[in-house]
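Engineer: have a look at this prediction, sequence included:
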Amino acid sequence: MLKTTLIEAAQAGAAEILRYFHGEFRIDNKEGVNNLVTEADHASEKAILSVIRSAYPDHQILAEESGAHEQSHAYKWIIDPIDGTVNFAHRIPLNAVSIAIEKNGEVIMGVVYNPHINELFFAEKGEGAFLNDKPIRVSTETRAIKACLVTGFPYTYIDQPNGPLDVFARFVKKGVPVRRLGSAAIDLCWVAAGRFDGFFEHKLEPWDSAAGMLMVQEAGGTVTNHQGETFSIYEHPLLASNGHIHEELVGVINNTRTL
Ligand code: IPD
Ligand code: CA
Ligand code: CA
């Protein structure tokens with residue numbers, strides 16, 4: 001069963017996260033001075049891949065650290081072995097395994113598991129979103145000015161009109177709380193659970209967004225690009241919200257409306 005394998009894979013990755021988190025690990029740099037990868041990222045990915053490959057050897061894989069294993073198959077597993085690696089490297093317990101399954105280009109199932117606080121988020125297309133098996137819903141806030149938001153910044157700053165700092169400043173200058181947790185997958189799940197009313201980021205990759213996107217949608221929320229159009233996990237800018245404040249957030253992000 002897909003779901004069983006998905007959860008087992010997340011648990012296998014999470015076991016590696018916990019093992020290294022409480023011990024020693026090597027840290028290397030990817031592109032950019034603070035774009036890190038640790039021994040634990042590789043170990044988690046290896047454990048996840050081994051679970052998936054033994055159940056579904058012919059499925060496609062897109063994994064952050066080892067790349068794409070393309071084969072002609074309807075199913076594709078999209079894997080972030082540790083989302084929140086900088087947090088992990090600094091022993092901040094806000095990081096998670098994130099795995100999504102696409103079928104013919106549509107995300108149909110996802111899991112995000114933060115083992116440090118034992119929160120396992122699961123969503124299935126058309127079947128809802130769950131935190132540790134209990135159904136979750138987005139918040140009911142209807143005014144962006146009253147919202148509690150979360151965002152993230154890329155490792156290399158994007159200097160563009162309405163870039164990450166411009167948008168961040170627009171909200172903060174109006175007194176809107178905008179948190180920055182350091183894990184996009186967790187940010188999205190916390191929108192799904194109603195803890196945050198909205199999340200935006202300018203430069204996400206499919207492994208950051210796929211599982212969390214489904215989580216928000218299945219919890220009754222909305223996910224689009226920054227223009228308010230249909231979001232594809234293969235494009236970078238993402239906006240997620242409880243739906244009620246979505247249009248307002250699109251306006252503020254594009255600087256076409258003020259709070
Ligand atoms: C990062 C985190 C972070 C986000 C970055 C991502 P990583 O993923 O999700 O919150 O701001 O854009 O790259 O590198 O920790 O897997
Ligand atoms: Ca990530
Ligand atoms: Ca990662």
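Structural biologist: That came through fine. Ligands and ions are numbered 1, 2, ... in the order given.
Engineer: longest helix in the protein, please.
Structural biologist: Criterion DSSP state H: the longest helix present in the chain is helix 2-21.
Engineer: what's in contact with that helix?
Structural biologist: Helix 2-21 is contacted by residues 38-40, 43-48, 50-52, 55-56, 75, 77, 79, 81-82, 88, 91, 93, 95-97, 99, 101, 109-113, 115-116, 120, 122, 124 when judged by CB atoms under 8 Å, 6 or more residues apart in numbering. Just so you know, the C-beta spots here come from the backbone N, C-alpha and C atoms, and that holds for glycine as well.
Engineer: what subset of these is also close to ligand 3?
Structural biologist: residue 82 (CB under 5 Å from the ion).
Engineer: this protein: helices as residue ranges?
Structural biologist: Under DSSP H, the chain gives helices at 2-21, 39-55, 85-89, 164-172, 184-192, 206-218, 246-253.
Engineer: check those helices for me and report the most buried one.
Structural biologist: helix 184-192 (a mean of 30; mean count of other CB atoms under 10 Å).
Engineer: got the angle between it and helix 206-218?
Structural biologist: Angle, helix 184-192 to helix 206-218, by axes from the mean of the first three to the mean of the last three CA atoms, to 10 degrees: 10 degrees.
Engineer: next, count neighbours for residue 238.
Structural biologist: Residues lying near residue 238 (other CB atoms under 10 Å) number 27.
Engineer: ignore what I typed, I meant residue 57.
Structural biologist: 8.
Engineer: okay, residue 149 and ligand 3: tell me how far apart.
Structural biologist: 23 Å (CB to the ion, to the nearest Å).
Engineer: could the helices of the chain go into TSV alongside mean pLDDT and distance to residue 199?
Structural biologist: Listed next are the helices of the chain as TSV, based on pLDDT from 0 to 100; distance: least, CB to CB, whole Å:
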stretch	mean pLDDT	distance to residue 199
helix 2-21	98	21
helix 39-55	98	23
helix 85-89	97	16
helix 164-172	97	12
helix 184-192	99	5
helix 206-218	98	8
helix 246-253	98	9
